[in-house]
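**Q** Provided below for reference: sequence and predicted model.
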Amino acid sequence: MHLIMSILKKLAGDTAIYGLSSILGRLINYALVPFYTRLFLEEEYGVISDLYAWTALVMVIFVFRMETSFFRFYNKEGVGEKAFPSAMMSVGLEAILFSGLLIIFSDDVATWLQYPNKGLYVTIFALILGFDAISEIPYAKLRADSRPIRFATIRLTNIIVNVLANLFFLVAMPWVLQNYDSGRVHDFAQAIYQPEFGIGYVFLSNVLASLVTFLMLLPEILRTKWTLRIALWKQMVWYSAPLVIAGFAGIINEVIDRTLLKTHLSGSLSENLAQVGIYSANYKIATLLALFTQAYRYAAEPFFFAQAKDKNAPNVYAKSTFYFFLASSVGVILIGSWLDIIILILGKGFREGLGIVPIILFANLFLGIFYNMAIWYKVKDKTYAGAVIGIMGALITLALNWILIPKIGYYGSAWATLACYFSMTVVVWAWGQKVYPVPYPIKKMLGFLLLVVTILAINFYFMQEKEQLGNWASYGLRAVFSLGFVGLVARVFSLQRLPKADT
């Protein structure tokens, strides 16, 4: 027991460092959400969300899930450092090839996306994809070598550059043009800022941040011995190929709803994009929970592979999943119970989508559990299972969005997301118990989940009855229930032991 707890403390320590960069960085980045929702129209924010959704889909092809394959082979005897150049060269050549094709056919791609004469947007995104894809394997190397501080430094630098570039192009330059009629400062601003480019400066800021990240990771890239071992590369590709299918299906689950909202709502393209903008802005609030999940995954993935050979690995996986679930449940309570305050970060035109936030919160909770429970098919080299489960989830997402969007709009997309991640979690757990049994305390987790739903429902009642109860009574009652749950979870953590698994 003490050995398992010491192992988990190491995981928690790395998660804390990754979390600092992820949460602090994302909070800085989240400052752009109220900024964008006040600067741009709902339709314009819808365009931003739609293009980034397509970028997430294409990114799976660029990287080919070689970062996960790298972790698996990096921890295999006789491979180690040899895995890095094989993964790096594979992703690098793909990034150059596909980025080049997107740039060459940028106008055609823009027209296909229903943004004619916006080929420059596609060119910028091709550069973002290229730099980000090439950076993925060096990032993975930092994680595998347990260098979270350097990882966090580069991540934070990326976000800070992105935010500063946004402020430079969208605030500083317009201010200069408004306050200076002539002079060098005016001429400089006029030379680099064109108001009609609008949301294009959001994308330009991103490509600058991606370029800086690539340059910061160059030492990791140049330090390696560039020897491509064809046999090893083939093994890595065969390992990652099913994960590409799973990853592609996973991205469909995450972002295809934006595209389907654009095409399947009953309004005009402009009206539909406005709905996409409202949905995406509120979705961003719910993904505050994903900050912790992302930080945890950065630390957990290489950690889980390193533990795979240990006889205590199943117990370690069970404990880490349980504690992850408890921490995420706290996030659901703290975000969901105070939405009437959190929603104020959005522009007024975007706040009508508040109702989707609790749905997406629970969807993200199940997605985090899925990531934990999916470790069995990675360490057992049965990555085809990930492809099967991912395709199942994608089919659920597509079918429910297709059916529900015309009936209930973006609420249909939210419910489809929850149904997808819940189903994937149940299947990955049931399948995994037959192949690689892990003693998850399922009954205890279900008990806590029921408690979370109950507390959130009570706090939602207090939130909606704020006018009847009075502000302070509403806030006070919600605080009592929220802090009570936090105290319960803290008590479980303090005991540093896991309830016995279900039999």
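**A** Received, thanks.
**Q** show me where the chain dips below the pLDDT cut-off.
**A** 1-30, 77-78, 291-292, 294-304, 306-308, 496-503 (pLDDT under 70).
**Q** in stretch 389-400, what's buried?
**A** For stretch 389-400, a neighbour-count test (16 or more other Cβ atoms under 10 Å) marks 389-390, 392-394, 396-398, 400 as buried. Where you see a C-beta, it was placed from the backbone N, CA and C, and this is true even at glycine.
**Q** would TSV of these with secondary structure and distance to residue 278 be doable?
**A** Listed next are the buried residues of stretch 389-400 as TSV, based on DSSP: H, G, I helix; E, B strand; the rest coil; distance: Cβ to Cβ, whole Å:
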residue	secondary structure	distance to residue 278
389	helix	31
390	helix	28
392	helix	29
393	helix	25
394	helix	24
396	helix	24
397	helix	20
398	helix	22
400	helix	20
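**Q** quick one: list the elements packing against the host helix or strand of residue 37.
**A** If you go by DSSP states H and E, residue 37 is part of helix 32-39. When contacts are defined as 3 or more Cβ pairs under 8 Å, 6 or more residues apart in numbering; DSSP states H and E, helix 32-39 packs onto helix 42-63, helix 148-167, helix 269-286.
**Q** and that helix, how far from the chain's centre?
**A** 20 Å (Cα atoms, centre = their mean, to the nearest Å).
**Q** hmm, who's touching it?
**A** By Cβ atoms under 8 Å, 6 or more residues apart in numbering, the residues outside helix 32-39 that reach it are 45, 48, 163, 166, 170, 202, 277, 281, 284, 345-347, 349-350.
**Q** pull the most distant pair out of those residues.
**A** Spatial extent of the contacts of helix 32-39 (Cβ to Cβ) is set by the pair 163 and 349 at 22.8 Å.
**Q** between the two, tell me which one has more neighbours.
**A** The neighbour comparison of residue 163 against residue 349 (other Cβ atoms under 10 Å) goes to residue 163, with 18 against 15.
**Q** tell me where the stretch 51-200 of the chain has helices.
**A** 66-74, 83-104, 106-112, 119-144, 148-167, 173-179, 184-192, 200-216 (DSSP state H, counting those that start in this stretch).
**Q** okay, those in TSV with distance to residue 357 next?
**A** What follows is these, written out as TSV (distance: least, Cβ to Cβ, whole Å):
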stretch	distance to residue 357
helix 66-74	30
helix 83-104	34
helix 106-112	32
helix 119-144	28
helix 148-167	23
helix 173-179	32
helix 184-192	38
helix 200-216	23
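**Q** most neighbours out of the contacts of helix 32-39, which is it?
**A** Busiest of these [other Cβ under 10 Å] is residue 277, holding 29 neighbours.
**Q** tell me the spacing between that one and residue 43.
**A** According to Cβ to Cβ, to the nearest Å, residue 277 and residue 43 sit 6 Å apart.
**Q** repeat that for residue 446.
**A** From residue 446 to residue 43 the distance is 42 Å (Cβ to Cβ).
**Q** surely residue 138 is in contact with residue 221?
**A** Yes: shown here, residue 138 and residue 221 form a contact pair, counting by Cβ atoms under 8 Å, at 5.7 Å.
**Q** what about the two, which has more around it?
**A** Each of residue 138 and residue 221 has its neighbours counted (other Cβ under 10 Å); residue 138 has more, 26 against 18.
**Q** circling back to that earlier point, out of the helices of the stretch 51-200 of the chain, which is the most enclosed?
**A** helix 66-74 (a mean of 25; mean count of other Cβ atoms under 10 Å).
**Q** which residues touch that helix?
**A** 79-81, 83-84, 87, 90-91, 136-137, 139-141, 143-144, 232, 235-237, 239-240, 243, 301-302, 305, 378-379, 381.
**Q** then stretch 344-364?
**A** 30, 33-34, 37-38, 41-42, 45, 277-279, 281-283, 285-287, 289-290, 293, 328, 331-332, 335-336, 339, 343, 410-411, 413-415, 417-418, 420-422, 456, 460.
**Q** so how do I select the buried members of the residues you listed in ChimeraX?
**A** Filtering the contacts of stretch 344-364 down to the buried ones (16+ other Cβ under 10 Å) takes a single ChimeraX command:
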select :30,33,37,41,42,45,277,278,279,281,282,283,285,286,287,289,290,293,328,331,332,335,336,339,343,410,411,413,414,415,417,418,420,421,422,456,460
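**Q** now for the residue nearest to residue 120 when sequence neighbours are not counted: which residues touch it?
**A** Excluding the flanking residues, the one nearest residue 120 by Cβ to Cβ, 6 or more residues apart in numbering is residue 200, at 6.8 Å. Contact analysis of residue 200 by Cβ under 8 Å, 6+ apart lists 120-121, 124.
**Q** okay, those residues in CSV with distance to residue 194 next?
**A** Converted to CSV, the contacts of residue 200 look like this (distance: Cβ to Cβ, whole Å):
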residue, distance to residue 194
120, 11
121, 14
124, 14
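**Q** who are the packing partners of the lengthiest helix in the chain?
**A** The longest helix of the chain (DSSP state H) is helix 230-264. Applying 3+ Cβ pairs under 8 Å, 6+ apart, we find helix 230-264 packed against helix 42-63, helix 66-74, helix 83-104, helix 269-286, helix 384-408, helix 410-435.
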